[in-house]
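Trainee: coords please:
(one chain, ligands or ions: 1)
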Amino acid sequence: MNNSNKNLFPLYEFAVNRAGVGIHAVDHTGRTVIYNDKMKAIEGLELEEVGDRSILELFNFDQEESTLLKVLQSGTEQLNVKQTYWNRKGHEITTINDTYPVFREGELVGAVEIARDVTALERFVLHPLRKNSDPVTFNQVVAASDEMKTVVTTARKASGAKLPVLLIGESGTGKDLIAESIHNELSPANGPFYTLHCHQSDAALIDRLDEDLNMSEPFTLFCERIDLLSISLQQNLFAFLKNSSQPGRQFIASIGDDPVALIAKGSLLKDLYYFFASFTIRISPLRKRKEDILSFVTTYFARRKERFGTSLTGVTKEVEELFLRYDWPGNMRELEFLLDEISSLATTETVITYEMLPLHFRLKSDGMGDTPTQAVDFIVNPEKELMPLDRYLKEAEEYYLQKAMKLHDDNITKTANALGMSRQNLQYRLRKLKNGR
Ligand SMILES: Nc1ncnc2c1ncn2[C@@H]1O[C@H](COP(=O)(O)OP(=O)(O)OP(=O)(O)O)[C@@H](O)[C@H]1O
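Mentor: Just a heads-up that it's a prediction; the model follows:
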């Protein structure tokens, strides 16, 4: 690199890190050389995990899993590859990826992947309750489990109390749905329901609230995932709320994790937490209230039939059992997306069979039987049918990594050392197994 190019390096670096798309570039050997801030946000990596390694060997991808490596091998671009997955922070992310080979003087020197995060757009398009123009009320909330029944009862009380409300739950558990139901239960009815999407880092986000909200009429402001705002924006939000609290204004917030843990790790401002904490509602993850799964499926098809006249009414016993075994890391949203995906392909079928499940779901839900995998499962037994090699290798890897992690008290660094692999590689593999990506 000549001197003038070197002088330009800080400018390139700045531009790459400020870009609104995720950028991941590898050189011709497959080594990561660029991994920008947006890509870290998409993958859910912490800055300190990347540290100085931001341009060196972040992951050791398996050949067949990485579009980047595929493009390196084939030398042809792959455009518009859509991926939906749950990143390591448990956030559901949908990206559309374009991956290009890069040539210099006819020689392949690397590949670049550009990922557009379309999560918000996807949610807007696919959100069935939003598609429905009816206001969202508690009637639309599926609550077969005792846990969810308690949530609904407490939320109804919250709308009577007219106090700020804090909703706590993993992504996709229905916080947004409950917030809007509280709003529509207020008596007398409130003005508009505004959602402040806190998934952004726009410095003027809070300053604009005064203009964006009509302060002369009653309203409900739902601050969705305040724990994703920077602390300085949380301070601005707290100042705004303190100055704007008055009768007729309902404030609701949501967070994705336990507030004590969030405050301890510096992701949640204590003052902001106390502002909302007067009425706290916890929504358990779907895996802890499995009664809601089949109830949601039934409601989903009934609603779909009513609106589109579709013929699907339910799932086979086999699928039912699979749904009950699977742990739904993306909670109700993941189930809803899956049903959307299947329904959009169905024609005259009346029940969803195992064969109609998309491959990505079959892969990640396979092997989630009640009996955990044991070492003996990997011995070739002439009395048992052989497993396909892919599945055998996947299960063996999962088994080995789980055992190794347990042996080292779930400490990533120690386990990675013992396995002779980088910490990043181990984290990548664990996350991949979890997401079934
Ligand atoms: N109990 C439920 N009954 C009916 N639909 C539900 C229920 N829980 C969630 N959903 C549906 O699942 C999807 C995700 O819910 P929602 O957006 O409210 O989750 P969230 O907890 O706010 O997620 P995030 O933290 O990612 O914003 C929505 O389409 C919602 O309607």
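
Trainee: Give me every residue in the stretch 201-350 of the chain lying close to the ligand.
Mentor: Residues of the stretch 201-350 of the chain found near the ligand (Cβ under 6 Å from any ligand atom) are 224, 225, 254, 256, 296, 332, 333, 336. Bear in mind the C-beta positions are built from the backbone N, C-alpha and C, glycine included.

Trainee: Just want the residue of the stretch 101-250 of the chain that's nearest the ligand.
Mentor: Nearest residue of the stretch 101-250 of the chain to the ligand, counting by Cβ to the nearest ligand atom: residue 174, 2.7 Å away.

Trainee: right, and that residue touches residue 138 too?
Mentor: No: counting by Cβ atoms under 8 Å, residue 174 sits too far from residue 138 to count as a contact (11.2 Å).

Trainee: Next SSE downstream of the lengthiest strand in the chain?
Mentor: Using DSSP state E to define each element, the chain has its longest strand at strand 92-104. On the C-terminal side of strand 92-104, the nearest following helix or strand under DSSP states H and E is strand 107-117.

Trainee: bridging residues for residue 254?
Mentor: For residue 254, the residues forming beta bridges with it (DSSP bridges) are residue 167.

Trainee: if I look at it, how far off is residue 135?
Mentor: Noted for residue 254: a distance of 19 Å to residue 135, by Cβ to Cβ, to the nearest Å.

Trainee: okay, these two: which has more neighbours?
Mentor: residue 254 (27 against 13; other Cβ atoms under 10 Å).

Trainee: in the protein, which spans are strands?
Mentor: Secondary structure of the chain (DSSP E): strands located at 22-27, 32-35, 78-86, 92-104, 107-117, 165-168, 193-197, 219-224, 249-255, 279-282, 314-315, 351-352.

Trainee: Mean pLDDT added to these, as CSV?
Mentor: Output for the strands of the chain, formatted as CSV (pLDDT from 0 to 100):
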stretch, mean pLDDT
strand 22-27, 86
strand 32-35, 80
strand 78-86, 72
strand 92-104, 84
strand 107-117, 89
strand 165-168, 97
strand 193-197, 87
strand 219-224, 92
strand 249-255, 95
strand 279-282, 96
strand 314-315, 92
strand 351-352, 92
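
Trainee: Let's have the ones you listed in JSON lines, adding distance to residue 272.
Mentor: Formatted as JSON lines, the strands of the chain follow (distance: least, Cβ to Cβ, whole Å):
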{"stretch": "strand 22-27", "distance to residue 272": "29"}
{"stretch": "strand 32-35", "distance to residue 272": "31"}
{"stretch": "strand 78-86", "distance to residue 272": "26"}
{"stretch": "strand 92-104", "distance to residue 272": "24"}
{"stretch": "strand 107-117", "distance to residue 272": "25"}
{"stretch": "strand 165-168", "distance to residue 272": "10"}
{"stretch": "strand 193-197", "distance to residue 272": "12"}
{"stretch": "strand 219-224", "distance to residue 272": "9"}
{"stretch": "strand 249-255", "distance to residue 272": "8"}
{"stretch": "strand 279-282", "distance to residue 272": "13"}
{"stretch": "strand 314-315", "distance to residue 272": "42"}
{"stretch": "strand 351-352", "distance to residue 272": "43"}
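
Trainee: For residue 180, find the nearest of the ones you listed.
Mentor: strand 193-197 (5.9 Å; Cβ to Cβ).

Trainee: which strands and helices sit next to the closest one?
Mentor: Packed against strand 193-197, as judged by 3 or more Cβ pairs under 8 Å, 6 or more residues apart in numbering; DSSP states H and E, are the following elements: helix 175-185, strand 219-224.

Trainee: a markdown table for the ones you listed, including mean neighbour count and distance to residue 308?
Mentor: Output for the helices and strands packed on strand 193-197, formatted as a markdown table (neighbours: other Cβ atoms under 10 Å; distance: least, Cβ to Cβ, whole Å):
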| stretch | mean neighbour count | distance to residue 308 |
| --- | --- | --- |
| helix 175-185 | 23 | 21 |
| strand 219-224 | 22 | 29 |
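
Trainee: Of all those, which one comes closest to residue 344?
Mentor: helix 175-185 (21.9 Å).

Trainee: So which residues make contact with that closest one?
Mentor: By Cβ atoms under 8 Å, 6 or more residues apart in numbering, the residues outside helix 175-185 that reach it are 129, 135-138, 140-141, 151-152, 155-156, 158-159, 165, 167-169, 190, 193, 195, 220, 222, 224, 250, 252, 254, 281, 283.
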